[in-house]
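Chemist: structure here, sequence nowhere to be found:
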Ligand code: FE2
């Protein structure tokens, strides 16, 4: 555990039977993790598996969100289910090897790609059901009013197996359309009894304020604890009084914030000169207010971000740099942002190192979480539903002359 506490964990089938002081050592089949760090497997609460690994095939663009969306259009039109399935599968497998066994993937639902991205990611999730759990979010990347026909495709996506209703209200052309977009997403979620996970205000423009529309709608419909707002970059650029007001509404609505600093560090602030904004939402204020904040990988080698490898340890490290997390309690917050926080956003009751939780675990070859962040080791072992699903060992020799 991150605290340095020594515990025994007993697993029975898919579940943790016991986690705490005990006498499991010496038992047949017991694993000795002395001096190592046992953590629950990571949860990637915000990733786009349909887009991963397409970067080499895209034209160059200006590096902005709009530039990336435009560059992906042509490639998205050529997606096939098998193409998406294959790319998504390789990232799911890599993620498991790096300690992540639960992923929530947004998948584009629009009139360019239709349901092909969803079908591809669903196929990859089914192929990987023995090593990971993949949830899908129907994501209207091109807008709902800006892209006539997208709403009907969103309905079809939910009927075809998408787990969560997504959204992208700030992408609409004016405030009235943004408000209508938010209402449509909530209508869909209520009709199908689904949670919501929307892309919200992924812009440097502090005048764009769809987060408040989302929070107001969640409060009005009593959709409490069922909404995630992703990115939320503009909150950083908005005036303090707005930020204070909307953070309070998020808290009251039980909205989780998926800050994705890894991508937004390179995507936002492109027009700034001199002091360049970080493009990251107000993590410090959200945390202080008690809002549930998670960190997601978001992108892997796609039009938005050229890096990424499905490592939530890397995501936590980069996010720690972006959001000034350095003290011991800060680093514990970074751990929570890739474990308990996304689990809370998913409303999981069976997550963690506790009795009755699903035995999704990882063993890291370091004594503490702080050392895991600093040294970025691969987990030696990863378990999914109690079964060992990945092992790794690194051999590195230093050849001295004396
Ligand atoms: Fe995203």
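Modeler: Ah, there it is. Everything numeric here is computed off the predicted structure, so don't read it as measured data.
Chemist: could you list the low-pLDDT ranges of the stretch 251-400 of the chain?
Modeler: For the stretch 251-400 of the chain, applying pLDDT under 70 flags no range at all.
Chemist: the chain: strands as residue ranges?
Modeler: According to DSSP state E, the chain carries its strands in the segments 8-12, 15-20, 37-40, 42-47, 100-108, 133-139, 164-167, 196-200, 227-231, 256-259, 293-295, 361-364, 381-384, 387-391.
Chemist: per-residue pLDDT, the residue nearest the centre of the chain?
Modeler: With distances taken as C-alpha atoms, centre = their mean, residue 46 lies nearest the centre of the chain, 2.2 Å away. As predicted, residue 46 sits at a pLDDT of 98.
Chemist: quick one: residues contacting it.
Modeler: 104, 106, 197, 228, 230, 258, 260, 294, 296, 297, 298, 342 (C-beta atoms under 8 Å, 6 or more residues apart in numbering). (Each C-beta comes from the backbone N, C-alpha and C, glycine too.)
Chemist: burial measure for the residue lying closest to it once chain neighbours are set aside, as a count.
Modeler: Among residues not flanking residue 46 along the chain, residue 296 sits closest, at 2.7 Å (C-beta to C-beta, 6 or more residues apart in numbering). Residues within reach of residue 296, counting by other C-beta atoms under 10 Å, total 30.
Chemist: my guess is residue 296 meets residue 319, correct?
Modeler: No - taking contacts as C-beta atoms under 8 Å, residue 296 lies outside contact range of residue 319: 9.3 Å.
Chemist: overlap of the contact sets of these two?
Modeler: Common neighbours of residue 296 and residue 319 (C-beta under 8 Å, 6+ apart) are residue 259.
Chemist: all helices of this structure, in order?
Modeler: Assigned helices in the chain, in chain order: 65-77, 81-97, 116-127, 150-160, 175-192, 210-220, 234-237, 240-253, 261-267, 283-289, 312-322, 328-336, 340-345, 369-375 (criterion: DSSP state H).
Chemist: tell me which of those lies nearest to residue 202.
Modeler: Each of the helices of the chain has some distance to residue 202 by C-beta to C-beta; the shortest is helix 65-77, at 5.9 Å.
Chemist: closest to residue 370 out of the contacts of residue 46?
Modeler: residue 294 (19.8 Å).
Chemist: quick one: which of the strands of the chain is nearest residue 118?
Modeler: Short answer: strand 100-108, nearest of the strands of the chain by C-beta to C-beta, at 4.6 Å.
Chemist: avg pLDDT for the closest one?
Modeler: 98.
Chemist: and that strand, what other elements does it pack with?
Modeler: Where contact means 3 or more C-beta pairs under 8 Å, 6 or more residues apart in numbering; DSSP states H and E, strand 100-108 is packed against strand 42-47, helix 81-97, helix 116-127, strand 133-139, strand 196-200, helix 340-345.
Chemist: between strand 196-200 and it, find me the angle.
Modeler: The directions of strand 100-108 and strand 196-200 differ by 70 degrees, with axes from the mean of the first three to the mean of the last three C-alpha atoms, to 10 degrees as the criterion.
Chemist: direction included, what does strand 100-108 pair against?
Modeler: Partners of strand 100-108 in the sheet, by DSSP bridges, are strand 42-47 (parallel), strand 133-139 (parallel).
Chemist: how far away from the center of its chain is it?
Modeler: Chain-centre distance of strand 100-108: 7 Å, with C-alpha atoms, centre = their mean, to the nearest Å.
Chemist: between helix 65-77 and it, find me the angle.
Modeler: Using the same axes, to 10 degrees: strand 100-108 against helix 65-77 is 90 degrees.
Chemist: I'd like the helices of the chain written out as JSON lines, with mean neighbour count added.
Modeler: JSON lines is the format used below for the helices of the chain (neighbours: other C-beta atoms under 10 Å):
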{"stretch": "helix 65-77", "mean neighbour count": "18"}
{"stretch": "helix 81-97", "mean neighbour count": "21"}
{"stretch": "helix 116-127", "mean neighbour count": "23"}
{"stretch": "helix 150-160", "mean neighbour count": "19"}
{"stretch": "helix 175-192", "mean neighbour count": "19"}
{"stretch": "helix 210-220", "mean neighbour count": "22"}
{"stretch": "helix 234-237", "mean neighbour count": "23"}
{"stretch": "helix 240-253", "mean neighbour count": "17"}
{"stretch": "helix 261-267", "mean neighbour count": "24"}
{"stretch": "helix 283-289", "mean neighbour count": "17"}
{"stretch": "helix 312-322", "mean neighbour count": "22"}
{"stretch": "helix 328-336", "mean neighbour count": "17"}
{"stretch": "helix 340-345", "mean neighbour count": "23"}
{"stretch": "helix 369-375", "mean neighbour count": "17"}
